[in-house]
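Trainee: Would you be able to build a 3D model of this:
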Amino acid sequence: MNLSTRIERGLPQPPQRRWLEKAVRAALKSSKVEGVVGLTVVITSDASICELNRLYRGIDAPTDVLSFGNAAGEAQLPGADDAYLGDVVISYARASEQAAAFGHSVEEEIALLVVHGVLHLLGHDHEQADDRQRMWGVQDQALEMLGIQWRP
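Mentor: Numbers count the residues shown, from 1 in each chain. Predicted coordinates for the structure are as follows:
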């Protein structure tokens with residue numbers, strides 16, 4: 001796996017790159033992805049994610065996580081030489097607020113958001129009940145690999 005990370009400066013407790021990598025690996029493993037893939041995880045501010053949400057989704061509000069597939073328009077299937085899946089962008093402020101609301105650590109919330117974002121890059125969705133059940137099952141497996149016992 002080729003993981004690039006960008007973590008905005010000045011965050012109160014920035015996540016460790018090792019933890020982000022572990023979350024990505026859990027998402028890939030729970031999805032049975034083999035081969036070398038590349039992706040970027042960005043931890044940023046509400047203002048930055050709000051701007052991205054407005055530009056790309058037409059929603060002028062912050063959100064917790066956004067996933068952007070590769071520039072070709074859709075993720076290449078794993079197994080291709082160094083397939084670049086895309087980017088996962090996470091709002092640190094949203095992760096922090098959600099962690100406090102649900103009674104777990106910011107680190108665990110960020111791991112959930114990384115897993116969730118990577119699953120979207122791999123083609124999972126949760127708009128329909130059947131798709132949601134499948135995605136949540138794979139997400140639960142990844143969280144279990146990370147030792148996270150609570151359910152979102």
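Trainee: switch to C-alpha atoms for all contacts and neighbour counts from now on
Mentor: Will do.
Trainee: Please, where are all the strands along this structure?
Mentor: 2-7, 37-44, 65-69, 83-91 (DSSP state E).
Trainee: list the contacts for residue 135?
Mentor: Going by CA atoms under 8 Å, 6 or more residues apart in numbering, residue 135 touches 119, 124-126.
Trainee: Could you dump these into TSV and include pLDDT?
Mentor: Converted to TSV, the contacts of residue 135 look like this (pLDDT from 0 to 100):
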residue	pLDDT
119	96
124	92
125	88
126	85
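Trainee: Just the buried ones from those?
Mentor: In the contacts of residue 135, burial by neighbour count holds for 119, 124-125, counting by 16 or more other CA atoms under 10 Å.
Trainee: and of the strands of the chain, who's closest to residue 53?
Mentor: Taking CA to CA, strand 65-69 is the member of the strands of the chain nearest to residue 53, at 7.7 Å.
Trainee: Distance from the chain centre to the closest one, please.
Mentor: For strand 65-69, the gap between its own C-alpha mean and the chain's C-alpha mean amounts to 8 Å (CA atoms, centre = their mean, to the nearest Å).
Trainee: Could you list the paired strands of it along with their orientation?
Mentor: strand 83-91 (antiparallel) (DSSP bridges).
Trainee: so where is the chain shaky, pLDDT-wise?
Mentor: 71-82 (pLDDT under 70).
Trainee: hey, where'd the helices end up in it?
Mentor: Here the chain has its helices, by DSSP state H, at 17-30, 46-57, 92-102, 106-121, 129-145.
Trainee: what does the first one rub up against?
Mentor: Around helix 17-30, the neighbours that count as contacts under CA under 8 Å, 6+ apart are 3, 5, 34, 41, 111-112, 114-116, 118-119, 138-139, 141-143, 145-146.
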